[in-house]
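> Kindly return the folded structure for what I paste below:
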Amino acid sequence: MRLLFIVAVYFSIPAHLVAQDTDASDILFLKIQQLEGEIESIRSELESQSYLLEKLLSDSTAQNNTTSNALGGDSSFNEDAFRFKGINDSQSIEDIYTQAIELLNAEKYPEAKKSFLYLVENFDDGEKIPLSLFWLGEISLLESSLLEGETYFQLLAANHPDHWRTPLAHKKIGDIFMMAGETDSAKAKYQFVIQKYPSNSASSLALQLLENME
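Reported below is the predicted structural model:
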């Protein structure tokens with residue numbers, strides 16, 4: 001009899017109240033699942049960030065030691081300017097670039113090259129990185145390394161097509177072709193500069209060289 005009473009009471013509850021309780025339980029369950037997923041995602045992200053920070057610190061320390069050893073402890077190469085590899089620190093970029101230019105002006109080409117390379121390999125800057133690639137190309141030409149020079153000028157032209165040094169980089173590639181005895185390639189490159197950058201000073205230089213080749 002008691003069982004029949006319980007059943008009777010259950011079936012006497014309005015259906016819409018039972019449905020409301022069920023819906024509320026389902027929503028609560030879904031919310032709990034969603035919260036657990038978010039907590040797990042945050043935990044994974046924190047672990048990933050922690051690993052990345054440790055790696056950046058380790059890489060930065062190793063790179064600084066390598067650079068210092070390569071320069072033989074040259075005091076002009078300021079280790080304090082090197083912060084975290086892969087992190088854009090505008091002060092670091094400015095400090096390293098200034099040091100590199102000073103070394104270049106002092107005709108300390110190997111040391112200047114290492115400074116410019118450090119910038120190119122570890123930072124991202126719309127002005128200093130293209131300029132560093134240009135000076136790396138120039139230093140390579142001073143060292144009679146035509147292939148290496150062409151590589152740096154090509155990187156500048158390909159990765160920074162709108163930079164103000166790009167027209168001259170194209171013209172420099174033409175110069176390298178000339179020095180390598182590839183006259184036809186040099187002419188084609190000079191003509192490209194003239195057509196692509198008619199108002200740039202590099203175009204005037206290319207035109208003069210073409211006229212001298214006639």
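> Need the contact partners of stretch 177-184.
Stretch 177-184 is contacted from outside by 146, 185-186, 189, 209, 213, using C-beta atoms under 8 Å, 6 or more residues apart in numbering. C-beta coordinates here come from the backbone N, C-alpha and C atoms, glycine included.
> So Pro198, which state does it fall into?
coil (DSSP: H, G, I helix; E, B strand; the rest coil).
> what's the answer for Pro167, then?
Going by three-state DSSP: Pro167 is helix.
> right, and it touches Tyr197 too?
Yes - using C-beta atoms under 8 Å, Pro167 makes contact with Tyr197 at a distance of 4.0 Å.
> which neighbours do these two share?
Common neighbours of Pro167 and Tyr197 (C-beta under 8 Å, 6+ apart) are Ser203.
> on that earlier part again, please spell out the ChimeraX selection for the buried subset of the contacts of stretch 177-184.
To isolate the buried members of the contacts of stretch 177-184 in ChimeraX, using 16 or more other C-beta atoms under 10 Å:
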select :186,189,209
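> and which of the contacts of stretch 177-184 is nearest Ile176?
Nearest to Ile176 among those is Leu146, at 5.1 Å by C-beta to C-beta.
> Need phi/psi at that closest one.
Main-chain torsions, Leu146, degrees, to the nearest 10: phi -70, psi -40.
> thought it was touching Ile176?
Yes - using C-beta under 8 Å, Leu146 is in contact with Ile176, at 5.1 Å.
> mind giving me the domain ranges of the chain?
Domain segmentation of the chain under automatic domain parsing yields 72-125, 132-214.
> If you drop the residues flanking it in sequence, what lies closest to Leu103?
Sequence neighbours aside, Ala112 is the residue nearest to Leu103 in space, at 3.8 Å (criterion: C-beta to C-beta, 6 or more residues apart in numbering).
> where along the chain do the helices fall?
Assigned by DSSP state H, the chain shows helices spanning 2-12, 15-70, 90-105, 109-122, 128-142, 146-159, 166-179, 183-196, 201-213.
> Quick check: mean pLDDT of the first one?
To tie it back to what came earlier, the one meant is helix 2-12. The average pLDDT for helix 2-12 rounds to 44.
> returning to that earlier point: would you single out the least confident of the domains of the chain?
Among the domains of the chain, domain 72-125 scores lowest, with a mean of 80.
> re earlier: how about the contacts of stretch 177-184 in TSV, adding distance to Leu155?
Shown next, in TSV, are the contacts of stretch 177-184 (distance: C-beta to C-beta, whole Å):
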residue	distance to Leu155
Leu146	15
Ser185	18
Ala186	20
Lys189	16
Leu209	23
Met213	27
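> For the contacts of stretch 177-184, which two are the farthest from each other?
Leu146 and Met213 (18.6 Å).
> how about Lys108, phi and psi?
When read as degrees, to the nearest 10, the backbone of Lys108 gives phi -90, psi 70.
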